[in-house]
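A.B. asks: fold the stuff below for me.
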Amino acid sequence: MGSFKANPRPTESELGILRVLWRLGPSTVREVHDALDSGTGYTTVLKLMQIMAEKGLVERDEQQRAHVYRTRLAQADTQQQLTADLLDRAFGGSASGLMMQLLNGRQVSSGELAELRRLLDVYEAERRQP
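C.D. replies: Residues are numbered from 1 along each chain as shown. Below you'll find the predicted structure:
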């Protein structure tokens, strides 16, 4: 495998491919192409996945005739990385700024607000434990 940055940031197209791989697990280019349902051509998906392998976003198993690709990072790890990047770049590291923008930018149901409160309570309780 080529060299890559420790945690490269995926593009929107690459995120679409990662979502498919997270959902399906290790897959061939054909399987990813068929699952994308985006009108993107097979050769474009192939090229994107080759680039993703070079960047270190996916790993390629070349033991079979049809190469099988799998994600290098779990979905939660990638989401955490993207969220941390957004938090730093757009909100100067302010979690409350991010949360307020999120809440002001859309209608939030009372159920979602209750779930956010519950998650904050769990987070706070876990931080208090040694």
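A.B. asks: quick check: next helix or strand after the worst-scoring helix or strand of the chain on mean pLDDT?
C.D. replies: Lowest on mean pLDDT, DSSP states H and E among the helices and strands of the chain sits helix 95-104, with a mean of 89. Using DSSP states H and E, the next helix or strand after helix 95-104 towards the C-terminus is helix 110-128.
A.B. asks: thinking again about what came up before, just the buried residues of the least confident helix or strand of the chain, please?
C.D. replies: L98 (16 or more other CB atoms under 10 Å). Every residue, glycine included, has its C-beta placed from N, CA and C.
A.B. asks: which residues are contacting it?
C.D. replies: Residues outside helix 95-104 that contact it (CB atoms under 8 Å, 6 or more residues apart in numbering) are L86, L87, A90, F91.
A.B. asks: go again using 7 Å as the cut-off
C.D. replies: The contact list for helix 95-104 (CB atoms under 7 Å, 6 or more residues apart in numbering) reads L87, F91.
A.B. asks: that one: how far from the chain's middle?
C.D. replies: Centre-to-centre, helix 95-104 and its host chain are 20 Å apart (CA atoms, centre = their mean, to the nearest Å).
A.B. asks: all set now, cheers.
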